[in-house]
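dropping a prediction and its sequence here:
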Amino acid sequence: MSSFLYFILPALGGYTLTSVYLLKNPLILHRRKRTAFYCTHISHRGGCGERIESTMGAFTHAVEQGTEMLELDCHLTQDGHVVVSHDENLLRQTGQDVTISSLKLQDLPLYKDRLEVTFYAGRYSSGEDRKFALLEDLFRKFPKMPVSIEIKENNRQLIEKVSDLVKHYNREEITVWATVNSRIMKECHTMNSSMPYSFTVSRGVLLLLLFYSGLLPFVPLGESLLQFYLPRIINRTFIPKKRILRNRLIIYLLQKVTMRNSLFKHLAARGIQVHLFVCNKDEDIKAAFEVGATGVMTDYPTLLSSYLCRNQSQD
């Protein structure tokens, strides 16, 4: 036993020291990613706290307020148009229990005139524009604006049409594939491998396992972005459906396990941007940057712009 420890302890010590050193100096083994964009200010659903979510009115307002990236979701109508919408079923957004895929573009209903902000319970947004936007119209109006597109369904036709639009408008370097599902991400990446892509849930879990095991500094990563909840907002500004996420102890542990400054610094050093969401208060924005986020996603683009302006002036 003593002879075993004689060999194993120095080996473990050497591994630990090497891992820690490479965690802080990742460019020794990895080439830094060079994305065509670097975004500190990201507008969730186009800034859905200040305008009706995912409308051209919302996107236009967010850009006017200085956002550097628009985050959105897409679905396909019955007649093959790529529509910007968070939900496939339109009950929450319009009051009508219908799906986008069952309707032609011309038959899509209008958004409600007041819509509750998902990540700020009890707050509502409104605006003159209540029409569903087409992804193509967004690309046409904001040709240079980085966009993160979340694909929620494993729909090959939808993924292909999104890819075709990205190619047509020459946006492959500034349009991001995003999804929580690894199977969907595989389809997206296979369809268009030129687009940067974000971590899925399973890849995010693997990332944490690699980090805590000390293996992360040795492993190549294909993703260009990590987009993740700021856990402190759960149960305060966002009430999740899953009961397990309503437990304060679970949220506390999630915060401790995931919000690791050394992890985020390592990713940033490798050129992988870290976007935390959805930050709708000054204290949440501050908390996100303090743990190492390179960017913050918000429903309130004016609030985030004001925060960044104040803090840059202080620096």
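Sure, I can see it.

next, count neighbours for Tyr21.
The number of residues packed near Tyr21 is 11, by other Cβ atoms under 10 Å. For every residue, glycine as well, the C-beta is placed using N, CA and C.

what segments of the stretch 151-300 of the chain are strands?
Assigned by DSSP state E, counting those that start in this stretch, the strands in the stretch 151-300 of the chain fall at 175-178, 225-229, 273-277, 295-298.

show the average pLDDT along the last one.
Pointing back at strand 295-298 there. For strand 295-298, mean pLDDT is 98.

again with the third one
On average, the pLDDT along strand 273-277 is 98.

just the CA coordinates for it, please, in CSV.
What follows is strand 273-277, C-alpha atoms only, in CSV (Å, rounded to 0.1, in the frame of the first residue of the first chain):
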residue,chain,number,x,y,z
GLN,A,273,-18.2,34.0,-24.9
VAL,A,274,-20.2,33.5,-21.7
HIS,A,275,-23.7,35.0,-21.8
LEU,A,276,-25.8,34.9,-18.6
PHE,A,277,-29.6,35.5,-18.7
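
could the strands of the stretch 151-300 of the chain go into a markdown table alongside distance to His266 and mean neighbour count?
Listed next are those as a markdown table, based on distance: least, Cβ to Cβ, whole Å; neighbours: other Cβ atoms under 10 Å:
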| stretch | distance to His266 | mean neighbour count |
| --- | --- | --- |
| strand 175-178 | 20 | 26 |
| strand 225-229 | 11 | 22 |
| strand 273-277 | 10 | 25 |
| strand 295-298 | 16 | 26 |
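
and the contacts of stretch 257-266?
Taking contacts as Cβ atoms under 8 Å, 6 or more residues apart in numbering, the residues outside stretch 257-266 that touch it are 23-24, 26, 207-208, 211, 216-217, 226, 228, 230-231, 274, 291-294.

and that stretch, C-alpha only, in PDB?
The C-alpha trace of stretch 257-266 is given here as PDB (Å, rounded to 0.1, in the frame of the first residue of the first chain):
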ATOM      1  CA  VAL A 257     -21.700  24.500  -9.000                       C
ATOM      2  CA  THR A 258     -22.200  26.500 -12.200                       C
ATOM      3  CA  MET A 259     -21.200  30.100 -11.400                       C
ATOM      4  CA  ARG A 260     -17.400  29.500 -11.300                       C
ATOM      5  CA  ASN A 261     -15.300  32.500 -12.100                       C
ATOM      6  CA  SER A 262     -12.300  30.400 -13.000                       C
ATOM      7  CA  LEU A 263     -14.300  28.400 -15.500                       C
ATOM      8  CA  PHE A 264     -15.700  31.500 -17.200                       C
ATOM      9  CA  LYS A 265     -12.300  33.100 -17.300                       C
ATOM     10  CA  HIS A 266     -10.800  29.900 -18.900                       C
END
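
list the buried residues of that stretch.
258-259, 263-266 (16 or more other Cβ atoms under 10 Å).

quick one: contacts for Glu173?
Contact analysis of Glu173 by Cβ under 8 Å, 6+ apart lists 35-37, 194-196.

so the residue nearest to Tyr300 when sequence neighbours are not counted, which of the three states?
Spatial nearest neighbour of Tyr300, excluding adjacent residues (Cβ to Cβ, 6 or more residues apart in numbering): Gly49 at 4.3 Å. Secondary structure state of Gly49, per DSSP: H, G, I helix; E, B strand; the rest coil, is coil.

what do you get for the one 10 residues further on?
Reducing the assignment at Phe59 to three states with three-state DSSP gives helix.

pLDDT value on it, please?
98.

let the chain start at 48 from now.
Understood, numbering begins at 48; the last thing we discussed is Phe106.

roughly how far apart are it and Thr124?
19 Å (Cβ to Cβ, to the nearest Å).

next: Ala105.
20 Å.

list the buried ones in the longest helix seen in the chain?
Secondary structure of the chain per DSSP state H: the longest helix is helix 49-71. Within helix 49-71, the residues scored as buried using 16+ other Cβ under 10 Å are 66, 69-70.

what of stretch 121-133?
121-124, 128-133.

repeat that for stretch 338-354.
Buried residues in stretch 338-354, defined by neighbour count with 16+ other Cβ under 10 Å: 338-352, 354.

what helix or strand is Gln359 on?
According to DSSP states H and E, Gln359 maps onto helix 348-361.

show me what contacts the residue nearest to Ser245 when sequence neighbours are not counted?
Spatially, and ignoring its direct neighbours in sequence, Ser245 is nearest to Leu272 (4.1 Å; Cβ to Cβ, 6+ apart). Counting by Cβ under 8 Å, 6+ apart, Leu272 touches 195, 223, 225, 243-246, 319-322.
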